[in-house]
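Visitor: Sequence isn't available, so here's the structure alone:
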C-alpha cells in the first residue's frame, strides 16, 4: 500500500488516543465470549472464535502498562499474517486517510517500545503503534 493510500484506525486506551496502520487490522468487533488460556499472563483475557479460527484476546492497555480505561468496548483483530491476536480497546473512533495526517519523527526510547511515530490530526496528536512489534512482544510473554 502506498503512503497516499495508507489509512489509520484511531482508537483509545486509558483515555489516550492511538492508531494502527489499517493494513495491519483484519476487523473491528464487538466484545464476545472468550475462553481462558491456561497459564497465560493476566493481560490475556482469553481466546475467541474469529471466523472459525482461534484468536487470543489481549487487554492492550494492561499489556502496555496503562491504567484501566472506562471499559473495553471493541476488539481490534490483527491481520492473520501478523498473528492470531486481537486487542480489547476502550473505543474505536474512526479511520483516517494519510492525507489528513501530519507524520512526526520516529519515536525512540525505552518507554515507547511499540510506538512508531506521532501522528498529528486536526483534532490532536496521537501515537501510531506498530502492531507487529506488539504481537512479537505479546508472543514472548505467553
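Guide: Here it is on my side, so go on. Note that the structure is a prediction, hence the values are computed from the model and not measured.
Visitor: just checking, what packs against the worst-scoring helix or strand of the chain on mean pLDDT?
Guide: Least confident helix or strand, the chain: strand 102-106 with a mean of 89, by mean pLDDT, DSSP states H and E. With contacts taken as 3 or more Cβ pairs under 8 Å, 6 or more residues apart in numbering; DSSP states H and E, strand 102-106 sits against strand 115-121. Yep, even glycine has a C-beta here, placed from its N, CA and C like the rest.
Visitor: Could you tell me the angle between the strand it packs on and strand 102-106?
Guide: 160 degrees (axes from the mean of the first three to the mean of the last three Cα atoms, to 10 degrees).
Visitor: strand partners of strand 115-121, parallel vs antiparallel please.
Guide: strand 102-106 (antiparallel), strand 124-129 (antiparallel) (DSSP bridges).
Visitor: which residues touch the longest one?
Guide: The reference is to strand 124-129. For strand 124-129, the external contacting residues (Cβ atoms under 8 Å, 6 or more residues apart in numbering) are 8, 10, 16-21, 104, 107, 112, 114-119.
Visitor: Report the contact partners of residue 142.
Guide: Applying Cβ under 8 Å, 6+ apart, the residues near residue 142 are 37, 40, 41, 44, 56.
Visitor: sorry, back to before: so which of the strands paired with strand 115-121 comes closest to residue 51?
Guide: Comparison of the strands paired with strand 115-121 against residue 51 by Cβ to Cβ identifies strand 124-129 as nearest, at 23.8 Å.
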